[in-house]
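Give the three-dimensional model of this entry:
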Amino acid sequence: MRVSFLNIIYIILAFVFLGLGFIGIFLPVLPTTPFLLLASFFFAKGSPKFNKWFISTKIYKNHLEEFKRTRSMTLRKKLLIVIPVSIMLITTAILMNNMYLRLLILFLIMFIYYYFSFRINTLSE
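Residues are numbered from 1 along each chain as shown. Coordinates of the predicted model:
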């Protein structure tokens, strides 16, 4: 199998997001699950071998396996993702002087709340 330049980019991005997700396990300000979802996406696009390896890791099984299987999360997990992301985006918007970028961030926050409220089912704990 020939590895293309795009596959290499996907694999690099996967490892970057895996690293951020791993750091997010220990730092509460970084949400773990979105970074690991991105890592999973890029591993799947970049290499079947790396994707198989990632799916077999403990970090995948602890943080993503149930979500991928059921497309649902507990309310606690949703809040642990949405609140830090919102804080970071609101802080960024406050520090910016560009009104258009502030509006873009506002729409992004609204989309995040919509997506986590209506597109991802909530499991009872």
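
and Phe62, how many neighbours?
No Phe there; residue 62 is Asn. 12 (other Cβ atoms under 10 Å). In this view, the C-beta of every residue, glycine as well, is placed from N, C-alpha and C.

per-residue pLDDT, it?
Here the pLDDT value assigned to Asn62 is 89.

Is it in a helix, a strand, or coil?
helix (DSSP: H, G, I helix; E, B strand; the rest coil).

Would you check how far apart it and Ile90 are?
29 Å (Cβ to Cβ, to the nearest Å).

Enumerate every residue touching Val29.
Going by Cβ atoms under 8 Å, 6 or more residues apart in numbering, Val29 touches Pro84, Ile87, Met88.

any idea how far the last one is from Pro48?
Think Met88. Distance from Met88 to Pro48, by Cβ to Cβ: 34 Å.

Neighbour count for those two, which is higher?
Met88 (14 against 10).

how close does the residue nearest to the more buried one when sequence neighbours are not counted sit to Phe67?
Leaving out its chain neighbours, the residue that sits closest to Met88 by Cβ to Cβ, 6 or more residues apart in numbering is Val29, at 7.3 Å. Distance, Val29 to Phe67, by Cβ to Cβ: 21 Å.

just the CA coordinates of stretch 58-77, formatted as CSV?
Taking Å, rounded to 0.1, in the frame of the first residue of the first chain, the C-alpha atoms of stretch 58-77 are listed here in CSV:
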residue,chain,number,x,y,z
LYS,A,58,-7.2,2.0,27.0
ILE,A,59,-7.7,5.8,26.4
TYR,A,60,-10.1,4.9,23.5
LYS,A,61,-12.0,2.4,25.5
ASN,A,62,-12.4,4.6,28.5
HIS,A,63,-13.4,7.8,26.7
LEU,A,64,-14.8,7.0,23.3
GLU,A,65,-16.0,3.4,22.9
GLU,A,66,-19.4,3.9,24.5
PHE,A,67,-20.0,7.2,22.6
LYS,A,68,-19.1,5.7,19.3
ARG,A,69,-21.4,2.7,20.0
THR,A,70,-24.4,4.6,21.3
ARG,A,71,-23.9,8.2,20.1
SER,A,72,-24.8,9.3,23.6
MET,A,73,-23.1,10.8,26.7
THR,A,74,-24.0,11.3,30.4
LEU,A,75,-25.0,14.9,31.3
ARG,A,76,-21.9,15.1,33.5
LYS,A,77,-19.6,14.3,30.5
